[in-house]
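**Q** Provided below for reference: sequence and predicted model.
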Amino acid sequence: MSKVQHATPEDVKELVLIRMETLPSHKKISIGSYGEFSKEELIQHIKDDDEIGKKMVQVEMEFLRALKKGLI
């Protein structure tokens with residue numbers, strides 16, 4: 001029987017960073033009242049682990065969970 005491994009916060013952050021790299025550079029992403037950000041700005045916020053970066057990780061993980069459940 002194999003053990004289920006849970007992703008660490010660093011694993012999750014790395015997954016989100018990889019997903020951000022796939023975005024087109026010319027597109028802006030709006031994050032609620034925080035404003036609009038370029039791909040490069042979001043990547044830096046995620047790496048800095050600041051409020052905007054944490055919000056982006058949260059949003060991406062909610063999206064992936066919904067995708068897994070077939071809600072999207």
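**A** Cool, got the structure. Numbering: from 1, shown residues only.

**Q** chain center to the longest helix along the chain, what's the gap?
**A** When the chain is parsed with DSSP state H, its longest helix is helix 51-68. Taking C-alpha atoms, centre = their mean, to the nearest Å, the mean C-alpha location of helix 51-68 is offset from the chain mean by 5 Å.

**Q** again, but for stretch 43-59
**A** Taking mean C-alpha positions (C-alpha atoms, centre = their mean), stretch 43-59 and its chain are 7 Å apart.

**Q** run through this protein and note the low-pLDDT ranges.
**A** 1-4 (pLDDT under 70).

**Q** go with 80
**A** Applying pLDDT under 80 to the chain flags the ranges 1-5.

**Q** buried set for the longest helix of the chain?
**A** The neighbour-count check on helix 51-68 (16 or more other C-beta atoms under 10 Å) flags I52, G53, K55, M56, V57, E60 as buried. C-betas here are computed from N, CA, C, even on glycine.

**Q** identify the residues contacting that helix?
**A** Helix 51-68 is contacted from outside by 12-13, 15-16, 19-20, 31-32, 34, 37, 42, 44-47, 72, using C-beta atoms under 8 Å, 6 or more residues apart in numbering.

**Q** kindly report the same for stretch 15-31.
**A** For stretch 15-31, the external contacting residues (C-beta under 8 Å, 6+ apart) are 7, 36-40, 42-43, 46-47, 52, 55-57, 59-61, 64.

**Q** swap the cut-off to 10 Å and go again
**A** For stretch 15-31, contacts defined as C-beta atoms under 10 Å, 6 or more residues apart in numbering pick out 7, 35-43, 45-47, 52-53, 55-61, 63-64.

**Q** next, the distance between the ends of that stretch.
**A** Start-to-end span of stretch 15-31 (C-alpha to C-alpha, to the nearest Å) is 19 Å.
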